[in-house]
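# Based on what follows, work out the 3D shape:
(one chain, ligands or ions: 1)
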Amino acid sequence: MGNNLLEIFNHERKGLDHPLHSFHAYPCKFPAFIPREIIKRYANKGDVICDPFVGSGTTLLEATLLGYSSIGNDINPLSCLLSKVKGKPLDKKLLNKIDILLTYLLEHYKKTDVVKEYYYKSIEHWFQENVVRELSFLKENILRIKEQDLRDLLLIVLSSIIVKVSNQESDTRYVAIEKRLKDYETIKMFIEKAEEIKRAHLDFFEKTKNKKIDVKILQLDSRNLSAIKDDFVDIIITSPPYANTYDYYLYHKHRKYWLDMDIKFAQLNEIGSRREFSSLKESPKKWEEDIKKCLLEMRRIIREHKNIFIIIGDSVINKKIIKMDEIIKRLSGEIGLKYIDGVSVPLSRHSRAFNPSFASALEKKEHLILLKK
Ligand SMILES: C[S@@+](CC[C@H](N)C(=O)[O-])C[C@H]1O[C@@H](n2cnc3c(N)ncnc32)[C@H](O)[C@@H]1O
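Numbers count the residues shown, from 1 in each chain. Below is the predicted model:
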């Protein structure tokens, strides 16, 4: 069994990941081969796969490509929209309508106007005036689209360029720098990304066209997954936030403003956030309480004798290293989940996919843990 888990964790990338995986930045994604290899080795026909911390939708995209129905949940509304766009294939006819919008944009972009209703506090600090004008023009035209699936897809295209065209240094650094974007650059970037997602989705459509798949997305706090019935899912593959590592709500702030998404719910209910553990000086006990509630919910929603795969990295809270494999093992025992196996690798191993600064502390490990109900 250990060998199996280790093989998954150390899997050599054979062939390319589907291009939709890399379409939109999202911090702390896990590599696509992890859910792919787990599903290939452990899923049976008709299984429902669930990821309660779905993030950018990596698990859902792999489940759909392999022909399985899935449920993805995340507290972050951007994650929900992104997972929907990455998990659900769209019809060719609908995708071809993207060209109509792009032609319109090319013909009319010179007449762009600032739409004041899109202004929010400190927007001038984070965006150049010409960029605000072009983003407003793009947003106005996307919101006019009647088909919701197409509108959602194009909102994700808009979201994918927001940080690049803002003054925010990068997806993982929340400081303003000067970028000096010329007129039309924002529109051009949007058009290129829209063409890229169209190609990726046409391929996704071809690869999944005869498969009957149901993809559900929920925006709930994983400590209470009330919308999922008891004993409903067959496999859980998930990576909870690594404690004291990241503030997901903060780095997606501008995307959420532009997409009219609520920031507060995620900000207040995100577990393990750096805000909570660094500035508010919470103790590791708080993390344990939160993750225990999540494990209880996982136990409730998964069927008897079925597998839960958890990918989690060690953390430092109040200068103390927290060994996550030991915590998960102890907590799962306390709530009646069987600890079957676990393998660990140095955190830096997946550093290209995970947060590199977090991976740099060499003594920290990342764990793949298998639990069973
Ligand atoms: C490590 S990321 C998951 C990344 C995902 N595996 C991927 O490949 O994109 C952890 C996720 O947990 C979410 N999260 C944090 N607190 C949550 C909560 N209380 N309930 C549900 N999701 C939460 C964050 O928004 C983030 O998307």
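# got a pLDDT number for whichever residue of the stretch 151-300 of the chain sits closest to the ligand?
For the stretch 151-300 of the chain, the residue closest to the ligand is Ser222, as judged by Cβ to the nearest ligand atom, at 3.6 Å. (C-beta placed from N, C-alpha, C; glycine too.) pLDDT for Ser222: 97.
# wait, doesn't it sit right on Leu296?
No - applying Cβ atoms under 8 Å, one finds Ser222 not in contact with Leu296, separated by 10.4 Å.
# Have a look at the two and say which one is more surrounded.
Set Ser222 next to Leu296 and count neighbours by other Cβ atoms under 10 Å: Ser222 wins out with 25 against 17.
# confidence score at the nearest residue to Asn76 once chain neighbours are set aside?
Using Cβ to Cβ, 6 or more residues apart in numbering and skipping the chain neighbours, the partner closest in space to Asn76 is Ala266 (4.7 Å). Looking at Ala266, its pLDDT reads 78.
# next one: the one 4 residues further on
Per-residue confidence for Glu270 comes out at a pLDDT of 80.
# do the same with the one 5 residues further on
According to the model's per-residue confidence, Arg275 sits at a pLDDT of 61.
# The residue nearest to Ile228 when sequence neighbours are not counted: what's it in contact with?
The shortest distance from Ile228 to any non-neighbouring residue, by Cβ to Cβ, 6+ apart, is to Ile301 (4.6 Å). If you count contacts by Cβ atoms under 8 Å, 6 or more residues apart in numbering, Ile301 has them with Cys50, Leu225, Ile228, Lys229, Asp230, Asp231, Phe232, Val233, Ile236.
# picking up where we left off before, secondary structure element holding the residue of the stretch 151-300 of the chain closest to the ligand?
Assessed by DSSP states H and E, Ser222 sits outside every helix and strand.
# now do Ile100
helix 98-108.
# ok, and what's touching stretch 6-19?
Outside stretch 6-19, the residues that reach it (Cβ under 8 Å, 6+ apart) are 31-34, 37-38, 41, 61, 65, 196, 199-200, 203-204, 207, 343, 345, 349, 368.
# Of the contacts of Ile301, just the buried ones, PyMOL syntax please.
Listed next is the PyMOL selection for buried residues among the contacts of Ile301, using 16 or more other Cβ atoms under 10 Å:
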select buried, resi 50+225+228+233+236
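# and the gap between the residue of the chain most remote from its centre and the ligand?
Most distant from the centre of the chain: Lys111, at 35.2 Å, with distances by Cα atoms, centre = their mean. To the ligand, Lys111 is 38 Å away according to Cβ to the nearest ligand atom, to the nearest Å.
# Would you map the strands across the stretch 151-300 of the chain?
Along the stretch 151-300 of the chain, counting by DSSP state E, counting those that start in this stretch, strands occupy 168-170, 173-176, 215-218, 233-238.
# which of these has the lowest average pLDDT?
Looking at these, the weakest mean confidence is strand 173-176, a mean of 84.
# Neighbours of Phe265, how many?
16.
# So it versus Pro77, what's the distance?
Applying Cβ to Cβ, to the nearest Å, the value for Phe265 to Pro77 is 8 Å.
# Wait, Leu370 touches Gly342, no?
Yes - assessed by Cβ under 8 Å, Leu370 is found in contact with Gly342 at 6.9 Å.
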